[in-house]
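Chemist: the sequence isn't on hand, but the structure is:
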């Protein structure tokens, strides 16, 4: 497994680059997942606007306004932080190799590199200002249209912040005993567990709030997000598998079919980032021991990655064939819930006892998603039929 890209390059290419120890494998794939979601949603918003299903927002925008003193100060501050912390980390990677996370969160850094990066950031801002001044000698206020797809940067940011908070909250709910031992440390630790459904629910709610604020139809917004979320979840699961973050399956002692390689059937996740050796008890390895599961488990993140990326292509194919707003998202919701419900049967997860039954948090939410998908499908079809009938009803003037 590859906790960070140092191990990726070392094991796959034979190259040892200490600075890559700071490029977390799981975080890298999460970032790629967000970028792909942004890209696919942008394409869909643009298509829907071109087809007249969505409309941009009229606005007034200044052209040619020069940066203020606060703009220069903020650029300098961001540049200083980048140089002080991150440039220092990369230039001292070999010394900080053993525990890069603690250095990222510490106060250690280089003031010299911070000042250098701050000067460069201010210089770029001044250069941009000079270019603007040549094009617009005087600031001009113009009427313009902000297209829905141009808001994807803000939408992605809103989804990321709300989604990460939701993912942490739901993870702590699932592992409550561990959370109450040290709640502040558990919540503030950016490297602790994340739960996908928490991110989906909270991130989705935040995006719908944003869409309503700018008069983007909520059903269209959901339809745009469905394929993107399926793709981003599949890519994120690649990060889970490659890093070995603990989201694997139960111990698998079944006989392997001859046509499958070992790593696709039962895997021990060597050098896993979770630091776990006992998959059943979910306990950490002894100090100094390289993390590897004693008993092989189902590589469920790999299965989910393959299934969800495949389902993305199904949804992407269907997106132009489904014309009723809301139906596209209901299809996504059902497929996502169905996939997760059945993968839970071989995953390791905390179990709740309800009415004599044992069920996981993800199974509960999966069932809710499938029921919600059916309800949304019926509602979307019914409201669309009602709207069509109202559109076709002649007015009094026409009928007379």
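Modeler: Yep, that arrived. Bear in mind that the values here come from a model prediction, so they are computed numbers and not experimental data.
Chemist: pretty sure residue 214 sits against residue 57.
Modeler: Yes: between residue 214 and residue 57 there is a contact under C-beta atoms under 8 Å: 6.0 Å. All C-beta spots, glycine's among them, are computed from the backbone N, C-alpha and C.
Chemist: what stretches of the stretch 151-300 of the chain score poorly on pLDDT?
Modeler: 170-197 (pLDDT under 70).
Chemist: so residue 264 touches residue 299, yeah?
Modeler: Yes: with contact defined as C-beta under 8 Å, residue 264 counts as touching residue 299 (6.6 Å).
Chemist: give me the more crowded residue out of those two.
Modeler: residue 299 (23 against 15; other C-beta atoms under 10 Å).
Chemist: list the contacts for that one?
Modeler: 241, 248, 249, 263, 264, 265, 266, 267 (C-beta atoms under 8 Å, 6 or more residues apart in numbering).
Chemist: not counting its neighbours along the chain, what's nearest residue 267?
Modeler: Once flanking residues are discounted, residue 267 sits nearest to residue 299: 4.6 Å by C-beta to C-beta, 6 or more residues apart in numbering.
Chemist: okay, domains of the protein per the record?
Modeler: 5-56+148-255+299-395, 62-144 (automatic domain parsing).
Chemist: which of those domains is buried the deepest?
Modeler: Counting by mean count of other C-beta atoms under 10 Å, domain 5-56+148-255+299-395 has the highest mean neighbour count of the domains of the chain, with a mean of 18.
Chemist: and the domains of the chain as JSON lines, adding distance to residue 277?
Modeler: Shown next, in JSON lines, are the domains of the chain (distance: least, C-beta to C-beta, whole Å):
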{"stretch": "domain 5-56+148-255+299-395", "distance to residue 277": "12"}
{"stretch": "domain 62-144", "distance to residue 277": "19"}
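Chemist: nearest to residue 276, out of those?
Modeler: Evaluated over the domains of the chain, closeness to residue 276 peaks at domain 5-56+148-255+299-395, with 6.0 Å, by C-beta to C-beta.
Chemist: confirm that residue 353 sits in a strand.
Modeler: Yes: when DSSP: H, G, I helix; E, B strand; the rest coil is applied, residue 353 is found to be in a strand.
Chemist: measure it to residue 360 for me?
Modeler: 11 Å (C-beta to C-beta, to the nearest Å).
Chemist: quick one, what contacts residue 143?
Modeler: Counting by C-beta under 8 Å, 6+ apart, residue 143 has contacts 58, 59, 60.
Chemist: who's it bridged to?
Modeler: In this entry, residue 143 is beta-bridged to residue 60, by DSSP bridges.
Chemist: measure it to residue 62 for me?
Modeler: 12 Å.
Chemist: now do residue 332
Modeler: Residue 332 is 39 Å from residue 62, by C-beta to C-beta.
Chemist: contact partners for residue 274?
Modeler: Contacts of residue 274 (C-beta under 8 Å, 6+ apart): 244, 245, 246, 291.
Chemist: going by distance to residue 312, which of these wins?
Modeler: Closest to residue 312 out of these is residue 245 (21.6 Å), distances taken as C-beta to C-beta.
Chemist: go ahead and confirm the closest one touches residue 272.
Modeler: Yes: counting by C-beta under 8 Å, residue 245 does reach residue 272; the two are 7.4 Å apart.
Chemist: quick revisit: of all the domains of the chain, which one comes closest to residue 282?
Modeler: domain 5-56+148-255+299-395 (6.8 Å).
Chemist: chain center to the closest one: distance?
Modeler: Mean-position distance between domain 5-56+148-255+299-395 and its chain equals 7 Å (C-alpha atoms, centre = their mean, to the nearest Å).
Chemist: likewise for stretch 115-124?
Modeler: With C-alpha atoms, centre = their mean, you get 31 Å for stretch 115-124.
Chemist: neighbours of the closest residue to residue 24 other than its chain neighbours, how many?
Modeler: Nearest non-adjacent residue to residue 24, counting by C-beta to C-beta, 6+ apart: residue 4, 5.3 Å away. As a burial measure, residue 4 scores 20 neighbours (other C-beta under 10 Å).
Chemist: who's in contact with residue 4?
Modeler: Here residue 4 is in contact with 20, 21, 22, 23, 24, 25, 100 (criterion: C-beta under 8 Å, 6+ apart).
Chemist: quick check: the fourth one touching residue 5?
Modeler: By that I understand residue 23. Yes: counting by C-beta under 8 Å, residue 5 is a contact partner of residue 23 at 4.0 Å.
Chemist: now the helices for the stretch 151-300 of the chain?
Modeler: 152-174, 176-181, 183-188, 196-213, 218-243, 300-318 (DSSP state H, counting those that start in this stretch).
Chemist: residue 24 versus the spatially closest residue to residue 233 that is not a sequence neighbour, what's the distance?
Modeler: Of all residues not flanking residue 233 in the chain, residue 308 sits nearest, at 5.1 Å (C-beta to C-beta, 6+ apart). Separation of residue 308 from residue 24 (C-beta to C-beta): 21 Å.
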